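In: generate coordinates for the sequence data below:
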Amino acid sequence: QVQLVESGGGLVQAGSSLRLSCAASGRTLSSYAMGWFRQAPGQERLFVAAISRSGGTAYADSVKGQFAISRDNAKNTVYLQMNSLKPEDTAVYYCAADLTIGLPTTPAKYDYWGQGTQVTVSS
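Out: Below you'll find the predicted structure:
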């Protein structure tokens with residue numbers, strides 16, 4: 001089993017950047033595909049980005065070219081670099097882990113979740 005803890009969220013102005021981190025403990029991160037999801041109030045949890053065990057990546061159309069997911073297996077940490085933030089990026093951001101060789105993009109595919117970190121972008 002793996003435990004995930006997100007950090008790096010906060011309140012920023014539109015156009016700013018943030019880097020979210022997801023630190024894993026309990027098992028080595030290299031065994032997992034990792035994903036980032038976000039959930040705004042009253043809305044469903046939506047896919048943002050994913051990275052496979054081999055380093056392949058996938059992004060939601062809404063964040064392509066704006067966000068970048070990466071992983072540092074030596075630090076057991078996954079990152080989400082978010083640039084040119086917009087008010088519509090405001091949400092709670094969750095990281096998730098799945099024991100798969102694929103690149104899952106739906107919440108149901110993931111077995112482990114962090115508690116989330118709030119990102120608020122003001123206009």
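
In: centroid residue for the chain?
Out: Compute the mean C-alpha point of the chain, and by C-alpha atoms, centre = their mean the closest residue is W36, 2.4 Å away.

In: can you give me the strands for this protein?
Out: With DSSP state E applied, the chain shows strands at 3-7, 10-13, 18-25, 33-39, 46-51, 57-59, 67-72, 77-82, 91-98, 112-113, 117-122, listed in chain order.

In: returning to that earlier point: nearest spatial neighbour of the residue nearest to the centre of the chain, chain-adjacent residues omitted?
Out: V48 (4.3 Å; C-beta to C-beta, 6 or more residues apart in numbering). For glycine as for every other residue, the C-beta is placed from the backbone atoms N, C-alpha and C.

In: same check on W113?
Out: Ranked by C-beta to C-beta, 6+ apart and with sequence neighbours excluded, the top spatial neighbour of W113 is A96, at 5.0 Å.

In: I figured the residue nearest to the centre of the chain hits A68, correct?
Out: No: assessed by C-beta atoms under 8 Å, W36 is found out of contact with A68, at 10.6 Å.

In: and the pLDDT at E44?
Out: pLDDT, E44: 96.

In: okay, now the unreliable bits of this structure?
Out: For the chain, not a single residue meets the criterion pLDDT under 70.
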